[in-house]
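1. Attaching a predicted model along with its sequence, questions to come.
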Amino acid sequence: MTAEERPPEGEEYPLPPELSFDWKEAHDDIVNEIRWHLKNTGADKIVIGLSGGVDSSLSLYLAVKSVGLENVVAMFLPEAGVTPDYDEEDAKAVADLLGVKLIIKEISPLVEAFSQAISELRANSLALANVKARIRMILLYAEANLIGRAQVLGTSDKSELLLGYTTKYGDSGADFMPIGDLYKSQVRYMASKVGLPRRVWLKPPSPQLIKGKSAQSELGLPYEVLDRLLYYRVDQRYAEEKIAKILSLPVETVNHYSMMIVKSDHKRKAPPIGKIGGATINMDWRMPIERWSLRKGP
Amino acid sequence: MAVAETVRIALAQIGPKMGDVKGNFEKIRAYTEKAMAAGADVVVFPELATAGYLSQGIFFDVAEKLNSGLKALADVANGISVVLGLVEEDEMGILYNSAMILRNGDVVKGAWQGRKVSSYRKLYLPTYGMFEESRWFTPGSGVPVYELDSKGGSFKGAIVICEDYWQPLTVRIAALRGAQVIFAIASSPKTLQKPKMTHSLLVARAIENTSYVVFVNQAGSQDMVNFWGGSEIIDFEGNTVVSAPLREEALVIGDVDLYRERKYREINPMLKEERAEVIEDYESAFAEMRRSYQS
């Protein structure tokens, strides 16, 4: 990290008081979870998409802390004309800072191939945006298969997951999500505390799927407000009316985001299976992921 | 047998793998041997140490495999009592979240309401939030007390399992039955608040019952959930005697001074203070609450 990249001593992302937390403790918790998850699933490497944004930068930092440089593959997957130059600069800066080799692969030819195969995509920016996110997922999983014994680390945070601000089987298509229980503000705060470049945790979040669209322009409120709203609704189970009063928002606004949580339930779950018998998967047949049933008892 | 004055206790803070009964037993055996080498009278393992905690559907598989492993472990446990959390399956195929004590090739029997029992079955099965224990297990119905040998003589101990110590009565019952040491074993999933809250609760249980509390928690992580370790021995004044690190597997040894505890109980008669009228009123209040739930 060069001198001008390093945040001034003690500078940190301003966290709303409701969301204050012991970031060191949470940091160590996540590192431990990643380590054991790999050990318990028989994997030893992590593949991660690095966008230059705060979620993937912090996730990469935590992955490296957990399993070491040599076991982490970071991929920057830009789209010409859409991904801003500063994201590429930031992704490179974070990779350099952590000492991780960055694989850079343009997705533009693949996006173009899809647009040629399905010409209607050109006129439907949402459908095309989802295709882009899924192309990135395919590239990450291809890399994981190629290097072997690797898992794809999903970088979604709790705010995005709750609002459904993800592409199903795109950015949310992953093997595990270490920072999925931290709100965006908390991610930015932790990123500021672990010494990631200031411009990474200060820059306005954006999925960069559609040129020039920021998260705030699509979601309607800044994350500082959304995170508090989500915290009161989900962590504290407060009613919408109460939250509206606390945050000085119209109740209709709170209801709107509350409904976004409801409508995106399907994105957070495995697809429901039509029940026929008495041992339906995930309903009756409930199994953990990190299981060792093949190792028989003494 | 003489009455023990000091007992050496090993806290075996292990991180079992879900369903890896063979590997978990190997680890339990290795920790037991280490505890023996350190001169421990008792080695305490966490809740569900043979199975892992979030094991869901594999609880059925691990329960039926248990007997031979238990016998082999009991054979290893020469001159040491192994307090072990496990999945117990009875003759009717019912599963319990249980604990047993193994020593000198055998299962140590506990005393409960005039009977001899071979296991302690968890009384409170948390079934809320991330917990689904009632789906897999059936609750037990009381707190047995074990007469345990040590190098310096015998002493009385009792076991409670995780959610049990979030309710005050279990430890109180154990203390009324004469337990001097409470083995509070757990598979406590970590949240940012949990270690502090648990410590506070256990300190309260130790002080209010003028008893040593030996807390042993799982370490490691299962399905991206940390089990936070932090095992410790707390004395009857709420002081930590020894403690294990957060999250990591560890074997920590500490002594409990039962002579000092006995003397302390003479001066601080919290147990003698317990009154039948208060317990009756408790029952009455509980019945009223239940009626209000039903109406």
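-> Received the coordinates, thanks.
2. Helices of chain B, residue ranges please.
-> B:21-37, B:59-64, B:66-76, B:133-136, B:168-176, B:194-208, B:258-267, B:270-273, B:276-294 (DSSP state H).
3. Could you see whether chain A lies near the third one?
-> Yes - counting by Cβ under 8 Å from any Cβ of the partner chain, contacts between helix B:66-76 and chain A involve B:66, B:68-69, B:72. (C-beta placed from N, C-alpha, C; glycine too.)
4. So for that helix, what gets flagged as buried?
-> The neighbour-count criterion (16 or more other Cβ atoms under 10 Å in any protein chain shown) identifies B:66, B:69-70, B:73-74, B:76 as the buried residues of helix B:66-76.
5. What of the first one?
-> Applying a neighbour-count criterion of 16+ other Cβ under 10 Å, the buried positions in helix B:21-37 are B:21-22, B:24-25, B:27-29, B:31-32, B:35-36.
6. Compute the inter-axis angle for it and helix B:66-76.
-> Interaxial angle, helix B:21-37 versus helix B:66-76 (axes from the mean of the first three to the mean of the last three Cα atoms, to 10 degrees): 20 degrees.
7. Next: the fifth one.
-> Here helix B:168-176 runs at 40 degrees with respect to helix B:66-76, directions being taken by the same axes, to 10 degrees.
8. Alongside chain B, which residues does chain A contribute?
-> Residues of chain A lying near chain B (Cβ under 8 Å from any Cβ): A:21-22, A:25-26, A:28-29, A:32-33, A:35-37, A:40, A:176, A:178, A:285-293, A:295-298.
9. Generate the PyMOL command that creates a selection of the buried members of those residues.
-> To isolate the buried ones among these in PyMOL, judged by 16+ other Cβ under 10 Å, type:
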select buried, chain A and resi 21+25+26+28+29+32+33+35+36+37+40+176+178+288+290+291+292+293+297+298
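10. Can you list which of the residues of chain A next to chain B are found in helices?
-> A:25-26, A:28-29, A:32-33, A:35-37, A:40.
11. possible to save those as JSON lines with pLDDT and distance to residue B:291?
-> What follows is those, written out as JSON lines (pLDDT from 0 to 100; distance: Cβ to Cβ, whole Å):
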{"residue": "A:25", "pLDDT": "97", "distance to residue B:291": "43"}
{"residue": "A:26", "pLDDT": "98", "distance to residue B:291": "43"}
{"residue": "A:28", "pLDDT": "98", "distance to residue B:291": "47"}
{"residue": "A:29", "pLDDT": "98", "distance to residue B:291": "43"}
{"residue": "A:32", "pLDDT": "97", "distance to residue B:291": "46"}
{"residue": "A:33", "pLDDT": "97", "distance to residue B:291": "44"}
{"residue": "A:35", "pLDDT": "96", "distance to residue B:291": "50"}
{"residue": "A:36", "pLDDT": "95", "distance to residue B:291": "46"}
{"residue": "A:37", "pLDDT": "95", "distance to residue B:291": "47"}
{"residue": "A:40", "pLDDT": "91", "distance to residue B:291": "47"}
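12. Pick the one among these closest to residue B:201.
-> Closest approach between these and residue B:201, by Cβ to Cβ: residue A:25, at 19.0 Å.
13. Number of residues surrounding the nearest residue to the closest one once chain neighbours are set aside?
-> Among residues not flanking residue A:25 along the chain, residue B:192 sits closest, at 5.8 Å (Cβ to Cβ, 6 or more residues apart in numbering or on different chains). Neighbour count of residue B:192, defined by other Cβ atoms under 10 Å in any protein chain shown: 13.
14. and if you look at residue A:119?
-> Residue A:119 has 8 nearby residues by other Cβ under 10 Å.
15. OK, contacts around the residue nearest to residue A:62 when sequence neighbours are not counted?
-> If the residues on either side of it in the chain are set aside, residue A:62 comes closest to residue A:30, at 5.3 Å by Cβ to Cβ, 6+ apart. When contacts are counted by Cβ atoms under 8 Å, 6 or more residues apart in numbering or on different chains, residue A:30 touches A:62, A:66, A:178-179.
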